[in-house]
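Q: Coordinates for the following, if possible.
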Amino acid sequence: MMARATGNWQLATMIALLVSVAANAAPPPTTCGRTDAYSLALCAYQHRDFVQAESRFHELAEANMEDPRVVRALYFLGRTEMKLGKYEEASTRFIRIYALDQPFYHAWNCDFLLGECRKAMGK
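A: Numbers count the residues shown, from 1 in each chain. So this is what the prediction gives:
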């Protein structure tokens, strides 16, 4: 009985190890193969290159306000600024999103993120 229990434990450990290795070998996000400015910014964010992502999203956020990607760029710029500890700047982004597109603000949980920024700033 003891040999069977040990064998089951070893099998479970082996499966867990294989699942872990497979999860770490996942392909890069699909946006990383695209060359438009938004995809490049999003790819930098997904690869945790927050300094590069901030720069790219900032350029997009200041671009043509008619472009529907601007609100998304503002959103990810705010998220990036949060990752960099720039909570005051991120708060400003989420408030701007509310002024530009309230349905987006609510659908993408910007209220929660704004609250997290305020909490991080002690407000």
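
Q: Next one: Tyr75 from Ile15, what distance?
A: Shown here: Tyr75 relative to Ile15, a distance of 38 Å by CB to CB, to the nearest Å. Every C-beta, even on glycine, is put in place using the N, C-alpha and C of the backbone.

Q: Please read the previous query as pertaining to Val51.
A: Note on Val51: its distance to Ile15, by CB to CB, is 39 Å.

Q: same thing with Arg96?
A: Taking CB to CB, one finds Arg96 at 48 Å from Ile15.

Q: would you list every one of the strands in this structure?
A: Read by DSSP state E, the chain holds no strands at all.

Q: so where's it shaky on pLDDT?
A: Applying pLDDT under 70 to the chain flags the ranges 1-7, 9, 11-14, 16-30, 65.

Q: coming back round to it: so between Arg96 and Ile15, which is more surrounded?
A: Under the neighbour definition other CB atoms under 10 Å, Arg96 and Ile15 were set side by side, and Arg96 has more, 17 against 10.

Q: Could you report the separation of the residue nearest to that one when sequence neighbours are not counted from Glu89?
A: Distance criterion CB to CB, 6 or more residues apart in numbering; nearest residue to Arg96, sequence neighbours excluded, is Leu74 at 6.0 Å. Distance of Leu74 to Glu89, computed by CB to CB: 11 Å.

Q: Show me which of those two is the more surrounded one.
A: Between Leu74 and Glu89, counting by other CB under 10 Å, Leu74 is the more crowded of the two (24 against 17).
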